[in-house]
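[1] What shape does this take:
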Amino acid sequence: MAPGLALVGAGVGGWATSLAFPDRGWWPLAYAGMACLLLAMRGAPPVRAAGIGLVWGLAFFLPLVHWALQATGSVLPWVALSVFQALYVAAFGALWAYARRAVWITGRPLAQAATAAVLWVAIEQVRGSWPFGGFPWGFLAFSQTEAPVLRLAPYGGEVLVSAIVAATGALMALALQYLRRTAVTAAARALLAAALLVGAPGLLPLNAGQESGSLLIGAVQGNVPQQGADWAEQARDVTANHAEGTERLAADAGGRQLDLVVWPESAADIDPRTDPAQASTVDRAAAAVGAPLLLGTQRFPKGQDIRYNEIITWTAGAGVGDTYAKQHPVPFGEYVPFRSFFRQLTPLVDRVATDMAAGGAPAVIDVRIDALGRDVRLATGICFEVAYASLIREGVLDGAELILIPTNNASFGRTPESTQQLAMSRFRAVEHGRSTVQVSTVGVSAMIRPDGTVVARTGLFTDQELIASLPLRTALTPAARLGTTPQTAFYLLAAAAIVSGALAGRRRRGRDHSWRPSPRRLPAPGDQTPTLRARALRMPARVWISRVWPPWLEWRLIVGLLVLMAVAAYTGIRLGQDIVEKTTTTVSTTSGAAAP
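    Below you'll find the model as predicted:
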């Protein structure tokens, strides 16, 4: 493929893949986007493949995480996050250029498709764990919550589902290559294999029935006040909003006794354990509903310049019960690693005034349920923690019967961040066969059954309450039992393919001396100097392309495309924000409680 066309194809593929995620949710485009990437890298050497991967990655991540621009108010964090994540796709491109030379996949198209999927998932898992704990946002699996392949989640989690998406894209790319050679039968076989990969999982059953009872749960989305007040006043207003919502919830229950009421992260940022006024507000709400409350607060240890993001249980008259502290604070959002270094690059780091420390306890919280006469254990992931498979799995393996995801999305405005997070909550519900509650300060909040069905949902920047009866389950799915085994297997297979491909490439170069310049023949008497046209006609096609399209021009084109993409994305997003700001009556997009 011509270099320019390859870059354009990569850009289109990355952008198309971003549309597979919420809010659009056009999940088949994830397969098409992967096909574009692999077609663009076809035959490219490692350096060129890395450049193609970088373009695809930027076209994917810039629109996917543009909520970072809304949250920070600055282009730098958004672009820096997108570029850093795109580097992993560049690494995939370079490594794929080596891996496809491996002996066991040379001349075996289906083996190539499988190897491409393995390598993609291996890079994806590295991206989700390193550095600073990684950033799993944008895993291909999270785009498939409406697709049949979601039913594979209980058997292999995000590793298996992402692998199926990547393999399907590879098969589609293979079919297009066959069609270019007019090999219609081979193309039909590849497309049939792709269709089976996508459609066959839809036949798998999902267990959603209760195993250990059920809970009538209420979720309160209290919304945030308008900006203008100081932090303390806003924080108290947020708590008051949720207390009022709890009183409405008690009335909406219509005589039914709720078993549990959940408030979101940052619902009471002024700690009711140390502030009598806050304690009184929370206690009145718990008494009004006659059920234990789970709510988000922050704890500032005395004598230490740190804070903890916690979820606590509260019972009227008895006060605080069990507690869970967030294990995975968001780097650069809730704490700043290497602060002195990054302060030299941008003063934005000091917007995080007090670093959040990581909790050390397991991701579970116990709550007493009177109707069942026992404690019920909940797997709890605060906000972004829903993206980390190991953390939620830890809670399920520790006996959790339901998953709780309290979150505060106020800083992200009306961007798709909250619906992208909801897709992850739905995925975790199916992966572990657990009912899941996502509750947000401003939306989107939802009640999810173990099969991923959303039974109740709120909008954005509204004060709403939800009530649903959700089943409790104790059975462990294969994904939970396998743990990190699939991830380790993919790491080993990817490493084997890369090493084998690199060694095979070296052996071929050692046997092939055609790259060495041949001795120049001296012109014989009577030889005529060929014209420029005659020399051009004798020149091989790839040599001619290299003459008219030298490598330095390709890299200039890459840089130019990256600049244009960044400018276009920024302009489009700012224009969209201006439209939203003119049409919404909600002034506040961030809760001061999140930044003490």
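[2] pLDDT at the closest residue to Cys383 other than its chain neighbours, what is it?
    Of all residues not flanking Cys383 in the chain, Thr407 sits nearest, at 4.2 Å (CB to CB, 6 or more residues apart in numbering). From N, CA and C alone the C-beta is placed, and that goes for glycine too. Listed pLDDT for Thr407 reads 98.
[3] Ala480: which element?
    helix 478-482 (DSSP states H and E).
[4] Skip ahead from that helix and say which helix or strand is next.
    helix 485-511.
[5] what helices or strands is that next one leaning on?
    Counting contacts by 3 or more CB pairs under 8 Å, 6 or more residues apart in numbering; DSSP states H and E, helix 485-511 packs against helix 75-99, helix 109-127, helix 153-180.
[6] which of the residues in the second one are buried?
    By that I understand helix 109-127. In terms of neighbour count (16 or more other CB atoms under 10 Å), helix 109-127 has its buried residues at 109, 112-127.
[7] next one: stretch 129-142
    Applying a neighbour-count criterion of 16+ other CB under 10 Å, one finds 129, 133-142 buried in stretch 129-142.
[8] Now for those residues: which two are most distant?
    Maximum pairwise distance in the buried residues of stretch 129-142, criterion CB to CB, is 20.0 Å, between Gly133 and Leu140.
[9] if I pick the closest residue to Glu244 other than its chain neighbours, what's in contact with it?
    Counting by CB to CB, 6+ apart, Glu244 lies nearest to Gly222, which is 7.3 Å off, once chain neighbours are set aside. With contact set as CB atoms under 8 Å, 6 or more residues apart in numbering, Gly222 has these partners: 238, 241-245, 263-264, 267, 441, 463.
[10] can you do 10 Å?
    Listed by CB atoms under 10 Å, 6 or more residues apart in numbering, the contact set of Gly222 reads 237-246, 263-264, 267, 439-442, 462-465.
[11] Same check on Ala50?
    Counting by CB under 10 Å, 6+ apart, Ala50 touches 41, 44, 87, 89-97, 558.
[12] For Trp56, see how far away it is.
    11 Å (CB to CB, to the nearest Å).
[13] secondary structure class for the residue nearest to the spatial centre of the chain?
    The structure's the chain has its C-alpha centroid closest to Trp137; by CA atoms, centre = their mean the separation is 1.9 Å. Secondary structure, DSSP: H, G, I helix; E, B strand; the rest coil: Trp137 is coil.
[14] Relative to Arg48, how far out is it?
    Relative to Arg48, and taking CB to CB, Trp137 is found at 27 Å.
[15] Output stretch 386-401 as PDB - backbone C-alpha positions only.
    Extracted in PDB, the C-alpha atoms of stretch 386-401 (Å, rounded to 0.1, in the frame of the first residue of the first chain):
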ATOM      1  CA  VAL A 386     -14.200  -0.200  37.400                       C
ATOM      2  CA  ALA A 387     -11.700  -0.300  34.500                       C
ATOM      3  CA  TYR A 388      -9.200  -2.600  36.400                       C
ATOM      4  CA  ALA A 389     -10.200  -6.200  36.100                       C
ATOM      5  CA  SER A 390      -7.900  -7.500  38.900                       C
ATOM      6  CA  LEU A 391      -9.500  -5.100  41.400                       C
ATOM      7  CA  ILE A 392     -13.100  -6.100  40.800                       C
ATOM      8  CA  ARG A 393     -12.100  -9.800  40.500                       C
ATOM      9  CA  GLU A 394     -10.400  -9.500  43.900                       C
ATOM     10  CA  GLY A 395     -13.700  -8.400  45.500                       C
ATOM     11  CA  VAL A 396     -15.700 -11.200  43.800                       C
ATOM     12  CA  LEU A 397     -13.200 -13.900  44.800                       C
ATOM     13  CA  ASP A 398     -13.400 -12.500  48.400                       C
ATOM     14  CA  GLY A 399     -17.100 -13.400  48.500                       C
ATOM     15  CA  ALA A 400     -18.900 -10.400  47.100                       C
ATOM     16  CA  GLU A 401     -22.400 -11.000  46.000                       C
END
